[in-house]
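Chemist: This is a predicted model, with the sequence first.
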Amino acid sequence: MREALPTGHMQARPESGMSDLPIWPCHNGSYLLTGLDRLAVMTSLPATLCHLNGEYVPLDQAKVSVLDRGFIFGDGIYDVVPVYERKLFRFAQHMQRLARSLAKVRMANPHTGDEWLQLCRRLIAAQPADDQLIYIQVTRGVTVRNHAMPKAIAPTVFAMSNPLMLPSARELAEGVACVSAQDFRWARGDIKSISLLGNVLARQISADAGAVETVMFRDGWLTEASASNVWLVRAGQVIGVPKSQWVLEGIRFDLLRELCEQEGIGYDLRPVSQDEARQADELLLSSASKEVLPVTRLDDAPVGSGRPGPVFARLHAAYQRAKATQLV
């Protein structure tokens with residue numbers, strides 16, 4: 001387990017890539033590839049359409065005030081919605097999570113569900129890709145710098161869409177490698193906050209190690225990964241950690257439960273010790289862009305047989321079927 005953020009040069013790895021982060025093809029066609037992430041080395045911003053405070057403008061022309069509380073404090077909420085064949089996947093569940101996080105930080109939801117839907121559909125229509133990731137961000141707004149929450153200011157509402165980069169066939173067939181670390185982030189992981197420095201530091205641990213994700217433990221108990229939920233399989237049963245203040249309630253929490261019910265696979269949410277996680281028959285990651293992804297190495301040790309397991313194969317197939325039926 002890595003206790004602190006190591007130093008070192010991140011190497012380009014051309015064999016794979018995807019991320020929950022916004023991704024664009026650069027104008028010069030270049031990408032930096034590391035593990036599963038394809039992060040664009042951007043020489044210029046793209047001109048794709050985005051939404052900012054009620055207006056649709058080219059992304060390279062969108063501007064916010066330097067006094068925006070999102071810029072100054074990271075005082076805002078975000079969500080990311082996958083799009084398949086130009087249709088939004090589990091949109092209602094994403095909007096419910098957005099509303100929960102906004103309420104937890106005492107911010108009003110600036111739009112109704114239908115208004116969000118129409119906003120997203122306009123962005124989807126402006127993108128050339130059929131599979132996309134919609135990024136939505138709401139900050140508390142612009143005012144003079146003061147830690148206390150201001151009253152009666154307008155929020156800053158931003159949204160954009162980017163191509164969705166799914167796991168490669170090789171990653172699905174062979175699995176991916178992860179490293180572990182202590183969970184040093186704040187105690188409100190249930191809020192989908194734009195204040196992501198802790199997650200950035202955690203993800204860099206695995207990036208420096210040439211791995212896909214950083215699986216985190218707090219006081220010897222599994223929490224989540226830097227940008228994914230974590231699941232293990234023991235004796236054919238899928239096990240995840242309970243919903244709590246320490247972990248983000250990923251949309252795949254309920255989706256995996258539904259898929260397990262359909263497939264006749266056991267499903268349980270309970271505390272998972274570090275030892276149990278390391279002894280799992282299978283280890284899985286889930287997120288909007290990873291969908292469900294097998295981990296076959298953790299800290300240079302094989303997980304189970306060292307190959308993607310049968311429960312993963314069934315869940316992945318069920319996930320693909322769900323994508324055809326839960327779209328708006």
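Modeler: Yes, it's here. The model shown is predicted, which means the values in this text are computed figures rather than measured ones.
Chemist: Skipping its backbone neighbours, what lies nearest Leu49 in space?
Modeler: Distance criterion C-beta to C-beta, 6 or more residues apart in numbering; nearest residue to Leu49, sequence neighbours excluded, is Ala126 at 3.9 Å. Any C-beta I mention is one placed from the backbone N, CA and C, and that applies to glycine too.
Chemist: how close does that neighbour get to Asn162?
Modeler: To Asn162, Ala126 is 12 Å away according to C-beta to C-beta, to the nearest Å.
Chemist: what's around the residue nearest to Lys243 when sequence neighbours are not counted, how many residues?
Modeler: Sequence neighbours aside, Glu249 is the residue nearest to Lys243 in space, at 5.2 Å (criterion: C-beta to C-beta, 6+ apart). Around Glu249 sit 18 other residues, with neighbours defined as other C-beta atoms under 10 Å.
Chemist: same thing with Gly266?
Modeler: 14.
Chemist: And Gln118, by the same measure?
Modeler: Neighbour tally, Gln118, other C-beta under 10 Å: 11.
Chemist: That one: what's it in contact with?
Modeler: Counting by C-beta atoms under 8 Å, 6 or more residues apart in numbering, Gln118 makes contact with nothing.
Chemist: helix or strand for it, which one?
Modeler: helix 113-126 (DSSP states H and E).
Chemist: got it, and Pro110?
Modeler: Here Pro110 is assigned to no helix or strand, by DSSP H and E.
Chemist: What number of neighbouring residues does the residue nearest to Leu49 come out with?
Modeler: 15.
Chemist: Ala169 too?
Modeler: Neighbour number of Ala169 under other C-beta under 10 Å is 9.
Chemist: Give me the pLDDT for it.
Modeler: Among the per-residue scores, Ala169 holds a pLDDT of 96.
Chemist: Roughly how far does it sit from Ala322?
Modeler: 20 Å.
Chemist: where are the low-confidence patches of the chain?
Modeler: Within the chain, the ranges that satisfy pLDDT under 70 run 1-43.
Chemist: ranges for the strands of the stretch 151-300 of the chain?
Modeler: Along the stretch 151-300 of the chain, counting by DSSP state E, counting those that start in this stretch, strands occupy 156-163, 176-182, 213-218, 221-225, 229-234, 237-240, 267-269, 282-287, 291-298.
Chemist: In TSV, list these along with mean neighbour count and distance to Glu261.
Modeler: Below are these laid out as TSV (neighbours: other C-beta atoms under 10 Å; distance: least, C-beta to C-beta, whole Å):
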stretch	mean neighbour count	distance to Glu261
strand 156-163	22	32
strand 176-182	22	27
strand 213-218	25	26
strand 221-225	24	23
strand 229-234	24	15
strand 237-240	21	11
strand 267-269	15	7
strand 282-287	25	16
strand 291-298	23	15
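Chemist: Any chance of TSV for those, columns distance to Val66?
Modeler: What follows is the strands of the stretch 151-300 of the chain, written out as TSV (distance: least, C-beta to C-beta, whole Å):
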stretch	distance to Val66
strand 156-163	12
strand 176-182	33
strand 213-218	32
strand 221-225	33
strand 229-234	35
strand 237-240	41
strand 267-269	43
strand 282-287	31
strand 291-298	37
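Chemist: Which of those sits closest to Val80?
Modeler: Among the strands of the stretch 151-300 of the chain, the nearest to Val80 by C-beta to C-beta is strand 282-287 (8.6 Å).
Chemist: what packs against that closest one?
Modeler: With contacts defined as 3 or more C-beta pairs under 8 Å, 6 or more residues apart in numbering; DSSP states H and E, the packing partners of strand 282-287 are strand 176-182, strand 229-234, helix 252-263, strand 291-298, helix 310-323.
Chemist: Output the shortest one as PDB, restricted to C-alpha atoms.
Modeler: Read that as strand 229-234. The C-alpha coordinates for strand 229-234 follow below in PDB (Å, rounded to 0.1, in the frame of the first residue of the first chain):
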ATOM      1  CA  ASN A 229     -16.700   2.400  -6.800                       C
ATOM      2  CA  VAL A 230     -15.000  -0.900  -5.800                       C
ATOM      3  CA  TRP A 231     -16.700  -4.300  -5.600                       C
ATOM      4  CA  LEU A 232     -15.400  -7.700  -4.700                       C
ATOM      5  CA  VAL A 233     -16.800 -11.200  -5.500                       C
ATOM      6  CA  ARG A 234     -16.600 -13.900  -2.800                       C
END
